[in-house]
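A.B. asks: Starting from these lines, generate the structure:
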Amino acid sequence: MKAKVFRGDSLADPRYDVYDVPLPSDGTCTVMDVLEYIYDNLDGTLSFYTHSVCNQGICGRCGVKTNGKVALACMRTVTEEEITIEPKNDKIVKDLVTL
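C.D. replies: Below is the predicted model of the structure:
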């Protein structure tokens, strides 16, 4: 699948990087799985909130926009062949990390 990920610290000058991410054969993949694959295997400079806090959709720290809709990265299942991942709001610290 192709993952188009927002990069930078401002919506004023948006930049997106596109990554090829293999989907597991069993079809169970979340946005968090995609982000972790990118960080672990393709680009260790990507900033995002990891699921180490809860991974159960409780804390809300991993909120991002996926294809224009706000969702929790740890809960949102990926079924598309292409996905765009952006910050959930305009208070960007870096990449997908927001206040």
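
A.B. asks: who touches residue 85 in this structure?
C.D. replies: Residues counted as contacts of residue 85 (CB atoms under 8 Å, 6 or more residues apart in numbering) are 3, 4, 5, 6, 31, 34, 35, 64, 65, 66, 73, 96. C-beta coordinates here come from the backbone N, C-alpha and C atoms, glycine included.

A.B. asks: Show only the entries of those found in strands.
C.D. replies: 3, 4, 5, 6, 64, 65, 66 (DSSP state E).

A.B. asks: and the third one, what are its bridge partners?
C.D. replies: The one in question is residue 5. Residue 5 has the following beta-bridge partners by DSSP bridges: residue 17, residue 85.

A.B. asks: give the contact list for it.
C.D. replies: Taking CB under 8 Å, 6+ apart as the test, what residue 5 contacts is 16, 17, 18, 19, 35, 38, 46, 84, 85, 95, 96.

A.B. asks: hmm, back to that, closest one of the contacts of residue 85 to residue 23?
C.D. replies: When those are compared for distance to residue 23 (CB to CB), residue 34 comes out closest, at 8.7 Å.

A.B. asks: pretty sure the closest one is touching residue 76, no?
C.D. replies: No - at 9.6 Å, residue 34 and residue 76 do not qualify as touching, with contact defined as CB atoms under 8 Å.
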